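Novice: no letters, just coordinates:
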């Protein structure tokens, strides 16, 4: 026994301790094997959304708590964003975060308790878009009065498109329908609907006027809340808001209400109702024309009847017998007027011809040539007179300038100096009084030619 005890004390294999990493790895493997998929319920605490898109929070039942992580590949399938205080049911696997030894659950599915996940997601998206002004009435555009080309964003296999086509073809003659096919339910339906709306707008930017879509109908037939969810997605709402083409939302039945209905320019309770809205103007005009046509026929019949009665009265009146005689008299008056008009025209033509002959004589080439020659001679004489007058005036101005020059020279200080006078300056100032200088001051004397530097030897007042 002592031998076995001693052997156990020196048994290296039995005495080697586990590293913390080894222990955590073994615990993690056992937890993930034993609790690979569990459902738990609790309240969300300390919810955080990381920049990577992962969600981290704590689940608590008041007595205990467990850390939870929901990676972005899983939370993309969750239709709402969790928040603190929300009671939820979570499905996932239990694991261990080895670097910290934290026991946690990796969330694969998450849904609220008591209120549906779709309702929570609907309210969150609605609140966000409403705060950004996407539902404001000021952004709603008027539908064209008489749309000619209508785009339909819907499934080609659904009843909604065929309902729209039947209504428009039955109630209009000039409207054409263009289908922009897309899935209307499923995981990626929202992205396809948004892409279809954007495709319609790109088509309008490059198409000719007669090929552009006037209005878009975006919708589908009825279904469950999950089936209609694509029309609640944020990407669809923003595509409808950014659309340059007016959009009618026609999703489900009258009781169904989606976010697409709130952001669209107009909501129709059903796809058939959307088609009736598009066809309303043309249908109303057609009915108005039919009413006008019937009214015109009635009015015309009444007018014909009234005129027939009046004609019968005229036929039976005494004045009708005198009517042919009156016509004959009018024919005679017309013939007389024709004769008088013919005579007046001949008289006017004779006067005009005489006037024309007079003007022709006045503008004959011989007269014009003589007149031009006389004008040329007169022009030459006037030109010579003008030249002589200019020379005389220039000569007089030259004489006046010489006199003015002589006067200026006589008044020039230089002319005074040339007669023997000089200018005395002291410190640059001209001297006018001997008292302003004293013996020993330096003077500058300006002569007609040159300057003299001098010193005052004596002053005398």
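Specialist: Perfect, thanks for sending it. Only a predicted model underlies this, so the values are computations on that prediction, with no experimental measurement involved.

Novice: distance of residue 146 from residue 434?
Specialist: The gap separating residue 146 from residue 434 is 113 Å, by Cβ to Cβ, to the nearest Å. Backbone N, C-alpha and C define where each C-beta goes, glycine included.

Novice: sec struct for the residue nearest to residue 50 when sequence neighbours are not counted, please.
Specialist: Distance criterion Cβ to Cβ, 6 or more residues apart in numbering; nearest residue to residue 50, sequence neighbours excluded, is residue 56 at 6.6 Å. Per DSSP: H, G, I helix; E, B strand; the rest coil, the local secondary structure of residue 56 is strand.

Novice: which residues of the protein score low on pLDDT?
Specialist: Scanning the chain for pLDDT under 70 picks out the ranges 1-15, 114-118, 281-292, 294-295, 314-325, 364, 366, 414.

Novice: what ranges do the strands span in it?
Specialist: 38-49, 55-60, 65-70, 87-97, 102-112, 149-154, 176-181, 215-220, 247-251, 266-267, 423-426, 429-430, 442-446, 451-455 (DSSP state E).

Novice: what strands line up against the fourth one, and which way round?
Specialist: The reference is to strand 87-97. Note on strand 87-97: by DSSP bridges, its sheet partners are strand 38-49 (antiparallel), strand 102-112 (antiparallel).

Novice: quick check: the residue lying closest to residue 276 once chain neighbours are set aside vs residue 197, distance?
Specialist: Counting by Cβ to Cβ, 6+ apart, residue 276 lies nearest to residue 167, which is 5.8 Å off, once chain neighbours are set aside. Using Cβ to Cβ, residue 167 is found at 22 Å from residue 197.

Novice: who does residue 57 bridge with?
Specialist: Beta-bridge partners of residue 57, as defined by DSSP bridges: residue 68.

Novice: that one: neighbouring residues, count only.
Specialist: When neighbours are defined as other Cβ atoms under 10 Å, residue 57 has 25 of them.

Novice: from residue 71, how far off is it?
Specialist: For residue 57, the distance to residue 71 - Cβ to Cβ - is 13 Å.

Novice: ditto for residue 186
Specialist: Taken as Cβ to Cβ, the span from residue 186 to residue 71 is 22 Å.

Novice: which of these two has more neighbours?
Specialist: Shown here are residue 186 and residue 71; by other Cβ under 10 Å, residue 71 has more neighbours (16 against 12).

Novice: how many residues are close by the residue nearest to residue 276?
Specialist: 20.

Novice: please apply the same query to residue 42.
Specialist: 20.

Novice: tell me what it is bridged to.
Specialist: Bridge pairing for residue 42 - DSSP bridges - gives residue 88.

Novice: can you pull the contacts of it?
Specialist: Neighbour list for residue 42: 59, 60, 61, 65, 66, 87, 88, 90 [criterion: Cβ atoms under 8 Å, 6 or more residues apart in numbering].

Novice: so the fourth one sits right up against residue 59, yeah?
Specialist: Yes. Contact criterion Cβ atoms under 8 Å: residue 65 and residue 59 qualify, at 6.4 Å.

Novice: mind listing the shared neighbours of the two?
Specialist: Taking Cβ under 8 Å, 6+ apart as the criterion, residue 65 and residue 59 both touch 42, 45.

Novice: between these two, who's got more neighbours?
Specialist: residue 59 (21 against 14).

Novice: and the residue positioned nearest the centre of the chain, how far is that from residue 251?
Specialist: Nearest to the mean C-alpha position of the chain, counting by Cα atoms, centre = their mean, stands residue 244 at 9.7 Å. Distance, residue 244 to residue 251, using Cβ to Cβ: 21 Å.

Novice: next: residue 112.
Specialist: The value you get for residue 112 to residue 251, if Cβ to Cβ is used, is 24 Å.

Novice: who has more neighbours out of the two?
Specialist: Legend: neighbour count by other Cβ under 10 Å for residue 112 and residue 251, higher for residue 251 (30 against 18).

Novice: thinking the more buried one is in contact with residue 230, fair?
Specialist: No. If you go by Cβ under 8 Å, residue 251 and residue 230 don't touch, sitting 9.2 Å apart.

Novice: between the two, which contacts overlap?
Specialist: Common contacts of residue 251 and residue 230 (Cβ under 8 Å, 6+ apart): none found.

Novice: show me what contacts the residue lying closest to residue 175 once chain neighbours are set aside?
Specialist: Nearest residue to residue 175, sequence neighbours excluded (Cβ to Cβ, 6+ apart): residue 168, at 5.3 Å. By Cβ under 8 Å, 6+ apart, the contact set of residue 168 is 150, 175, 177, 275, 278, 279.

Novice: using TSV, lay out these together with neighbour count.
Specialist: Conversion of those to TSV gives the following (neighbours: other Cβ atoms under 10 Å):
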residue	neighbour count
150	25
175	20
177	17
275	29
278	27
279	22
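
Novice: most widely separated two among those residues?
Specialist: 177 and 279 (10.7 Å; Cβ to Cβ).

Novice: quick one: the helices in this protein, in order.
Specialist: Taking DSSP state H as the criterion, the chain carries its helices at 2-9, 12-15, 20-34, 72-75, 117-131, 159-171, 189-206, 234-242, 259-263, 271-316, 318-362, 365-411, 413-418.

Novice: and those: which comes nearest residue 48?
Specialist: helix 72-75 (12.4 Å).

Novice: the closest one - contacts with which helices or strands?
Specialist: Applying 3 or more Cβ pairs under 8 Å, 6 or more residues apart in numbering; DSSP states H and E, one finds that helix 72-75 contacts strand 102-112.

Novice: give me the contacts around the strand it packs on.
Specialist: By Cβ under 8 Å, 6+ apart, strand 102-112 touches 31, 37-38, 40, 55, 59, 66-71, 74-75, 78, 80, 82, 86-97, 117, 120.
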